[in-house]
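> okay, predicted coordinates and the sequence, questions at the end:
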Amino acid sequence: MRESCKLVLLALVGLFRSRALLLAEILVLRHQLNIQRRRLPKRYAFGVKDRLIFAVLYWLAPTVINALAIVKPETVIKWHRAGFKSFWRWKSRRGGGRPVVPLETRQLVRAMSIENPLWGAPRIHGELLKLGFDIGQTSVAKYMVRRKGPPSQGWKTFLHNHADGIAAMDLFVVPTISFRLLYGLLIMGHGRRHILWFGVTAHPTAEWIANQITEACGWEQVPRYLVRDRDGAYGEIFIRRLRSMGIRDRPTSPRSPWQNGYCERLIGSIRRDCLDHVVVFGERYLRHLLRSYANYYNQNRTHLSLNKDTPASRVIQNVGRIQPLPILGGLHHRYARI
């Protein structure tokens, strides 16, 4: 800074000196430069202030470029152009920065990225544009949730997408009025937790169970997997029938009823909702009870896992007078608007 001030002061003093004296001083300075160039390296390091002084002098008087001795004229021209670019870049800078994204929009972007792990910034940005939000794609990418690994679905989504191709079955025992034991066969689908079939017999054999599978699923719309326990009633005939129908048999591990939890839970509901409140007279009566309960379960009984909907998806009624309709002899009721 002191050297720059001294240079400006000498320039002001030089305005009042004679031309001959200035010419002699210039010759002396050039001769000193020639002596210094013999000892110093060919390439010199210039600071920002040095470059600025050369560029300003070149801008004020372009002919001074002929007096350069320690730097090439092309270098001074390059410094001048760089300063020109920096000046206009500063002159045309944007004021205020980007507009602030509202908190509600940021929370929505974060929620979308969490709920849809397979979506990227372009997909979320397109969805926001359809919702009327004025936001850039770079802002969407900024407020998305950062993931350590590649996007992946959760277990809940994975199981829900595969539930329609899974069925489960199990046998349960029902005593009659004469203390005779009857066996009920339950086949249910995992997709909507709906009851596919009820079978009743006094002697569950592998051939009878195989026929029940055929009647329940048919030969066209069959599940891809069938979950069952390791009961001895499922013999070789039953396994061959599954293979011929294209169903993959998936028996549970020994002493692991929790692996068939949906079916075990439904059998408990059948007992609590129906069988624990009636006396079974015989096989025909039990078959009638189970079929009536299947209609009630699939069409009328709401489920917490289905967001308070029924497996057959009841429509919402808003008009009409509410009328109770008895089911299973009044053990349960269905409420409908008439």
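Looks like it arrived, so ask away. Quantities reported herein were computed from a predicted structural model and do not represent experimental measurements.

> neighbouring contacts of stretch 286-306?
174, 176, 182, 184, 192-195, 198, 200, 269-270, 273-275, 278, 280, 308-312, 314, 327-328, 332, 334 (C-beta atoms under 8 Å, 6 or more residues apart in numbering). C-beta here means a position set from N, CA and C on the backbone, and glycine is covered the same way.

> just the buried members of these?
For these, a burial check counting by 16 or more other C-beta atoms under 10 Å picks out 174, 176, 182, 184, 192-195, 198, 200, 270, 273-275, 280, 310-311, 327-328, 332.

> just the ones of those in helices?
Ile270, Asp273 (DSSP state H).

> which helix or which strand is home to Ala168?
strand 166-175 (DSSP states H and E).

> and that strand, what does it pack against?
strand 181-189, strand 225-228, helix 261-273 (3 or more C-beta pairs under 8 Å, 6 or more residues apart in numbering; DSSP states H and E).

> tell me the strands beside it, with direction?
strand 181-189 (antiparallel), strand 225-228 (parallel) (DSSP bridges).

> which among those strands is found nearest to Tyr285?
strand 181-189 (9.8 Å; C-beta to C-beta).

> what ranges do the helices span in this structure?
2-14, 19-39, 48-60, 73-91, 103-115, 121-130, 137-143, 155-162, 206-217, 236-245, 261-273, 283-299.

> now Leu226: how far from Lys142?
Separation of Leu226 from Lys142 (C-beta to C-beta, to the nearest Å): 48 Å.

> actually Gly320, not the one I typed
For Gly320 relative to Lys142 (C-beta to C-beta), the value is 52 Å.

> can you report phi and psi for the residue most central in space within the chain?
Geometric centre of the chain, nearest residue: Pro117, 1.2 Å, by C-alpha atoms, centre = their mean. With angles defined as degrees, to the nearest 10, Pro117 sits at phi -70, psi -20.

> do the same with Arg255
phi 60, psi 40.

> burial of it, as a residue count?
Counted by other C-beta atoms under 10 Å, the residues lying close to Arg255 total 8.
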